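1. Below are the sequence and a predicted model for it; my questions follow.
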Amino acid sequence: MPERKKSGTNLLYSMMAEAASYDDAVIMGRGDPDFDTPEHIIAAAKEAMVQNHSDSSPPEGLPELREAIAARVERVNGVAYDPASEIVVTNGGQEALFLMVLTLIGPGDEMIVPEPNYNTYLDSTRFAGGRQIEVDTFPQQNFRADPADVRRNVNERTKALLLVSPNNPAASVISPQDMRDLVQIACDHDLFIISDEIYDLFVYDDVVHTSAAAMPGARERTLTLNALSKAYSMTGWRVGWVTGPAPLMERLRELKAAITGATSIISQYAGIAALTGPQEPVQMMADTYVRRRRAVLQALDEMGIEYGVPEGGQFIFADIGFTGMDSMQFAQRVLTEQHVLVYPGSAFSEARKQYIRMTFLQPEDKLREGLERMKIAMEGIRAELGNGSAS
Ligand SMILES: Cc1ncc(COP(=O)(O)O)c(C=O)c1O
């Protein structure tokens, strides 16, 4: 594991521990939804336990759950998959992403990734013996990955493109035209695509989510990840999935069987209830995020902090470079002084140390309280900037 990532992860853990020691902490860094899991999902899990459904599941998951996933993916993402041979249920998105990378990337292979990105892709690529080739993205373009930059980075070692849309931490969403162009690059150079769509139900303003596998030419070369963690507030239940063409899924299923076997059967029953039951809780969460996102953006505007407009997901990646502090100093100061936890961009990559990642996964009153306290910290920092002593 690369040193910078290890220290980034350790840094986040120590900041979370400090936040936990404050009774009045406001957590605006972590990425786990704050809502309770909807009751009918919990009821289904209880029922599975009462019915003693501890019987085994095939490594790829219960057939009923795979059918529910196939229906969801066809309805939302516009791609049809055979539940018998093209879907594997995983222990959350995290296992799904590792399985996808291990299926496609081997020693010496390169994977092109827009930067910044979700940490664990780097870890999994390293474990597979591969290498990430980063394509920079910038707040002025809302962290858009320019297909021309991607194309420039393709060489004979390139094996795959990683597309995370909506993105964590940059909150960018790949437009339909860019998606078409990116898929075209993959087709032209015979590359695989790893598509992480875990935030696909959360897009803002007029932005639309486009699934890579739905583009012409993409299905046969694309593995797609999704999970219940974000959409159903089920982080701890550990249910995710990968969809893809049968030949690739056969290898992925073998890896899944060898690494963890089946996903918890109780969680799988909960997953069936999530996907086939009422969807109003998902809509309620999506509507709430719209309001909270607006509140955070307004507060950042008032503080004079710039950001790439978050088009989807649950994050805001904001630029605090003008303070003269790096994001670690900034986040530490806001935490210690105001008990507000934001994540330093340096935890995602060294190149992003002038950014902070904020989330809006707190009840609205708490979120507003956190933003007010952040404003107080900013006033202090600006006053020191005025007399040349901010640190
Ligand atoms: C982009 C992305 N992919 C995958 C995951 C892993 O999701 P899970 O919590 O289901 O393991 C996360 C978690 O935050 C994420 O942000």
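-> On my side now, so go ahead.
2. can you count the residues close to Arg219?
-> For Arg219, the count of nearby residues is 21 (other C-beta atoms under 10 Å). In this view, the C-beta of every residue, glycine as well, is placed from N, C-alpha and C.
3. Model confidence score at it, please.
-> On the pLDDT scale, Arg219 is placed at 98.
4. Compute the distance between it and Ala213, please.
-> 5 Å (C-beta to C-beta, to the nearest Å).
5. and for the two, which residues touch both?
-> Common neighbours of Arg219 and Ala213, using C-beta atoms under 8 Å, 6 or more residues apart in numbering, are Val79.
6. quick one, phi psi at Ala383?
-> phi -60, psi -40 (degrees, to the nearest 10).
7. and if you look at Glu110?
-> The phi/psi pair for Glu110 (degrees, to the nearest 10) is phi -110, psi 140.
8. surely it meets Val135?
-> No - with contact defined as C-beta atoms under 8 Å, Glu110 does not count as touching Val135 (11.8 Å).
9. how close does Pro247 sit to Arg253?
-> Pro247 is 11 Å from Arg253, by C-beta to C-beta.
10. Any stretches of the stretch 51-200 of the chain with poor pLDDT?
-> The model of the stretch 51-200 of the chain has no residue with pLDDT under 70.
11. So which residues on it come close to the ligand?
-> Gly92, Gly93, Gln94, Leu97, Tyr118, Val164, Asn168, Asp196, Ile198 (C-beta under 6 Å from any ligand atom).
12. before we move on, the earlier item: more neighbours: Pro247 and Arg253, which one.
-> Arg253 (22 against 10).
13. name the element the more buried one belongs to?
-> helix 246-259 (DSSP states H and E).
14. Which strands or helices does that helix pack on?
-> strand 87-90, helix 92-104, strand 222-227, strand 240-243 (3 or more C-beta pairs under 8 Å, 6 or more residues apart in numbering; DSSP states H and E).
15. tell me, what residue is most central in the protein?
-> Asn168 (4.5 Å; C-alpha atoms, centre = their mean).
16. got the residue ranges for the helices in this structure?
-> With DSSP state H as the criterion, the chain has helices at 3-20, 39-50, 63-72, 92-104, 120-127, 147-152, 176-188, 246-259, 265-276, 280-303, 327-338, 364-386.
17. So which elements touch the fifth one?
-> Translated: helix 120-127. By 3+ C-beta pairs under 8 Å, 6+ apart, helix 120-127 packs against helix 92-104, strand 110-115, strand 131-136.
18. Let's see that with 10 Å instead.
-> When contacts are defined as 3 or more C-beta pairs under 10 Å, 6 or more residues apart in numbering; DSSP states H and E, helix 120-127 packs onto helix 3-20, helix 92-104, strand 110-115, strand 131-136, strand 158-164, strand 192-196.
19. do you know how far the residue nearest to Glu337 when sequence neighbours are not counted is from the ligand?
-> Nearest in space to Glu337, with sequence neighbours left out and distances taken as C-beta to C-beta, 6 or more residues apart in numbering, is Ala377 at 5.5 Å. Ala377 sits 26 Å away from the ligand, going by C-beta to the nearest ligand atom, to the nearest Å.
20. I'd guessed Ala377 sits against Gln329; true?
-> No - at 11.9 Å, Ala377 and Gln329 do not qualify as touching, with contact defined as C-beta atoms under 10 Å.
21. Which among the helices and strands packed on helix 120-127 is found nearest to Gly277?
-> Of all these, helix 92-104 sits nearest to Gly277, with 19.7 Å by C-beta to C-beta.
22. what's the closest one packed up against?
-> Here helix 92-104 touches strand 87-90, helix 120-127, strand 158-164, strand 192-196, strand 222-227, strand 240-243, helix 246-259, going by 3+ C-beta pairs under 10 Å, 6+ apart.
23. so which of the residues of the stretch 51-200 of the chain next to the ligand comes closest to Ile381?
-> Asn168 (26.5 Å).
24. And the closest residue to that closest one other than its chain neighbours, how far from Val342?
-> Leaving aside its sequence neighbours, Asn168 sits nearest to Tyr118 (C-beta to C-beta, 6+ apart; 4.7 Å). Here Tyr118 is placed at a distance of 17 Å from Val342 (C-beta to C-beta).
25. What residue spans form the domains of the chain?
-> If you go by automatic domain parsing, the domain ranges for the chain are 3-31+281-384, 54-276.
26. Most tightly packed of the ones you listed?
-> domain 54-276 (a mean of 20; mean count of other C-beta atoms under 10 Å).
27. Now do it: distance to the chain's middle.
-> 10 Å (C-alpha atoms, centre = their mean, to the nearest Å).
28. Now do the end-to-end distance for that domain.
-> 21 Å (C-alpha to C-alpha, to the nearest Å).
29. And Ala44, what's its pLDDT?
-> 98.
30. who's in contact with it?
-> For Ala44, the contact set (C-beta atoms under 10 Å, 6 or more residues apart in numbering) comprises Pro38, Ile266, Tyr269, Ala270, Gly271, Ile272, Ala273, Ala274, Thr276, Gly277.
31. try 8 Å this time
-> Ala44 neighbours (C-beta under 8 Å, 6+ apart): Tyr269, Ala270, Ile272, Ala273, Gly277.
32. Closest to Glu64 out of those residues?
-> For those, the nearest to Glu64 is Ile272 (5.5 Å; C-beta to C-beta).
33. my read: the closest one touches Ala68, true?
-> Yes - between Ile272 and Ala68 there is a contact at 5.5 Å, judged by C-beta under 8 Å.
34. these two touch, right, Ala213 and Thr222?
-> Yes - counting by C-beta under 8 Å, Thr222 is a contact partner of Ala213 at 4.3 Å.
35. Can you work out which residues contact both of those two?
-> Joint contacts of Ala213 and Thr222 (C-beta under 8 Å, 6+ apart) are Ile193, Ser195, Gly244.
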